[in-house]
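Q: Structure for this input, please:
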Amino acid sequence: MRALVTAVVGAAGAGACARAARRYAVADRLRTRARKRWFLPARIRRVVGAALGAAALDVDPEHACTLWAAGAAGATMLGAGVGGASVALGLGALVAIGVPACVMSLRHRRARLIAAAVPAMLERVASELRAGGTIATAIAALAAGDDPLAGDLARVGARVGVGATAAEALRMWSVERTAVGVDAAAGALALCTSVGGRAADALDGLATSLRERAAVAAEARALSAQARMSALVVGGAPVVFLAWSALVDPRSVHALTASGAGRACLGAGVALDALGGWWMRRIVAAGSVL
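A: Numbers count the residues shown, from 1 in each chain. Below is the predicted model:
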């Protein structure tokens, strides 16, 4: 009888919640007053926005922080339900630290996307010149597209629109965007706007050269991928294991923290692990960036 009552009440409650949710969705669409939003402090917003932009994650900093906090809270509650307070703390800390670490590990992603798009951009500009267009019309057409360079070229066109010369706008682009190939492309385009002549063939040649350079760098990264992963595992596994052991069973690290010799061993181990990680990173650094 209790189960039957619970089932009936639960079904009725679920139906009521579903109807309320539908009504709220309709009212939310019809609502004209803007919602109040929360904003990060300006300095934190700049840092978070820069990290997200470098990782090519096109998400608002406030929204990203909300998702990060929700993920950490969800992991903490999951850990509390599975293994108690220590597991909850461990999972929450893992998400809270791991998500920013993953974003930082992608800090070269935007630069690589930009560098990969530069040769195609030069070829499209060369095609526009052969068709009778100009550098300005080619930049405007590319800025209206959806490739990784659209935003950068839109800023170049906006600067030209407010009075800057094409050469100045392209120079500012090369200063703002430090991806490989951008400085060469900006210099070539600026030279084309000021000198003129048969520039399409030169742009095609530069595009071919940049594409070959990108292929060599991609091959170097592929060949060093195993070494970079080994460096990550070898350097990070001891630290993660020690931190997890301290959270789950604090008595397991008593020998390392209760005596002077244990603390000396712990400090020496952490220092040697950091030195080894730094040295392995130096070894494989040639293939880690484009």
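Q: Residue 192 and residue 167, how far apart?
A: The gap separating residue 192 from residue 167 is 10 Å, by Cβ to Cβ, to the nearest Å. For the C-beta atoms, the positions are set from N, CA and C on the backbone; glycine is no exception.
Q: Would you mind telling me which of these two has the busier surroundings?
A: Higher neighbour count among residue 192 and residue 167: residue 192, with 24 against 17, using other Cβ atoms under 10 Å.
Q: I figured that one hits residue 203, correct?
A: Yes - with contact defined as Cβ atoms under 8 Å, residue 192 and residue 203 form a contacting pair (7.2 Å).
Q: Common neighbours of these two, please.
A: Listed as contacting both residue 192 and residue 203 by Cβ atoms under 8 Å, 6 or more residues apart in numbering are residue 129.
Q: Could you tell me the end-to-end distance of stretch 169-188?
A: 13 Å (Cα to Cα, to the nearest Å).
Q: Over to stretch 251-269?
A: Distance across stretch 251-269, first residue to last, is 19 Å (Cα to Cα).
Q: shift numbering so it begins at 44
A: Got it, first residue is 44 now, which makes that one stretch 294-312.
Q: who's in contact with that stretch?
A: 281, 285, 288-289.
Q: Which ChimeraX command selects the buried ones in those residues?
A: Selection of the buried residues among the contacts of stretch 294-312 in ChimeraX, burial being defined by 16 or more other Cβ atoms under 10 Å:
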select :285,289
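Q: among the contacts of stretch 294-312, which are in helices?
A: Of the contacts of stretch 294-312, the ones assigned to helices by DSSP state H are 281, 285, 288-289.
Q: now the strands for the stretch 94-243 of the chain?
A: With DSSP state E, counting those that start in this stretch, there are no strands along the stretch 94-243 of the chain.
Q: ok, which stretches of the stretch 44-193 of the chain are helices?
A: According to DSSP state H, counting those that start in this stretch, the stretch 44-193 of the chain carries its helices in the segments 45-73, 85-97, 104-126, 128-148, 152-173, 178-186, 193-204.
Q: low pLDDT regions in the protein?
A: Where the chain drops to pLDDT under 70, the residues are 44-80, 126, 239-240, 327-333.
Q: Show the contacting residues for the residue positioned nearest the centre of it.
A: In the chain, the C-alpha nearest the mean C-alpha coordinate belongs to residue 98, at 2.0 Å (Cα atoms, centre = their mean). The contact partners of residue 98, by Cβ under 8 Å, 6+ apart, come to 146-147, 149-150, 152-153.
Q: So what's the residue count around the closest residue to residue 96 other than its chain neighbours?
A: Excluding its sequence neighbours, the residue lying closest to residue 96 (Cβ to Cβ, 6 or more residues apart in numbering) is residue 153, at 6.2 Å. The tally of other residues near residue 153 (other Cβ under 10 Å) stands at 19.
Q: Buried residues in stretch 214-231, which are they?
A: The neighbour-count check on stretch 214-231 (16+ other Cβ under 10 Å) flags 214, 216-217, 220, 222-229, 231 as buried.
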